[in-house]
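Asker: Need coordinates for the below:
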Amino acid sequence: MLKNKQVVDVMMANDAFSRWLGIEVEEVKEGYCRLQMKVREEMLNGFYIAHGGITYSLADSALAFAANSHGQKAVSVETSISHLLPVKAGDTLIAEAFEKSVTNKIGVYEVEIKNQEKQLVALFKGTVYRTSKIWE
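Answerer: Predicted coordinates:
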């Protein structure tokens, strides 16, 4: 069974969207993941701030990696995000996913997204279904 960074390496190899975002995996351990990415011009909306889908997608990847880090395949069933501060081109975002509760079938995670100044720009919550399949 694969665990931790091994699982994330396999997931990233098959995740063209996370690679397009420019996500870098900084740390993975069971139930935890820290990612980083730089916001580019093509990620901005008509207000010249990052489209909400950018921070959402970064958080969603952090959720997926943290939830799958145990070696058991998990998929999201419910997610939500609160955008707290605007994000601009050139900002570096750091997402940290924390496992809040895990059972055999359900996991609950919170993801904090901060900018390079360590300001909290978004809060994300995700619930995953833990399947009976394992990462090999």
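Asker: Excluding sequence neighbours, find me the nearest residue to residue 3.
Answerer: Closest residue to residue 3 apart from its sequence neighbours, by C-beta to C-beta, 6 or more residues apart in numbering: residue 71 at 4.4 Å. The way it works is simple: take the backbone N, C-alpha and C, and place the C-beta from them, glycine included.
Asker: so what's the one you found up against?
Answerer: Contacts for residue 71 (C-beta atoms under 8 Å, 6 or more residues apart in numbering) come out as 1-3, 7, 134-135.
Asker: For stretch 116-124, measure first residue to last.
Answerer: From the first residue to the last, stretch 116-124 extends over 18 Å; the measure is C-alpha to C-alpha, to the nearest Å.
Asker: for the contacts of residue 71, which one is nearest residue 39?
Answerer: Ranked by distance to residue 39 (C-beta to C-beta), the contacts of residue 71 are led by residue 7 at 26.5 Å.
Asker: which SSE is the closest one in?
Answerer: helix 5-13 (DSSP states H and E).
Asker: Now do the phi/psi pair for residue 126.
Answerer: Backbone geometry at residue 126, expressed as degrees, to the nearest 10, gives phi -140, psi 140.
Asker: Give me the helices and strands touching the longest helix anywhere in the chain, please.
Answerer: Secondary structure of the chain per DSSP state H: the longest helix is helix 52-68. When contacts are defined as 3 or more C-beta pairs under 8 Å, 6 or more residues apart in numbering; DSSP states H and E, helix 52-68 sits against helix 5-13, helix 16-21, strand 24-29, strand 32-38, strand 72-83, strand 92-102, strand 106-114, strand 120-134.
Asker: Now tabulate those in TSV and tack on mean pLDDT, distance to residue 62 and mean neighbour count.
Answerer: Output for the helices and strands packed on helix 52-68, formatted as TSV (pLDDT from 0 to 100; distance: least, C-beta to C-beta, whole Å; neighbours: other C-beta atoms under 10 Å):
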stretch	mean pLDDT	distance to residue 62	mean neighbour count
helix 5-13	95	10	17
helix 16-21	96	10	14
strand 24-29	97	9	16
strand 32-38	98	5	21
strand 72-83	98	11	15
strand 92-102	98	4	19
strand 106-114	98	5	21
strand 120-134	98	8	17
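Asker: With distance to residue 64 added, can I get these in TSV?
Answerer: Below are the helices and strands packed on helix 52-68 laid out as TSV (distance: least, C-beta to C-beta, whole Å):
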stretch	distance to residue 64
helix 5-13	7
helix 16-21	9
strand 24-29	11
strand 32-38	8
strand 72-83	7
strand 92-102	9
strand 106-114	10
strand 120-134	8
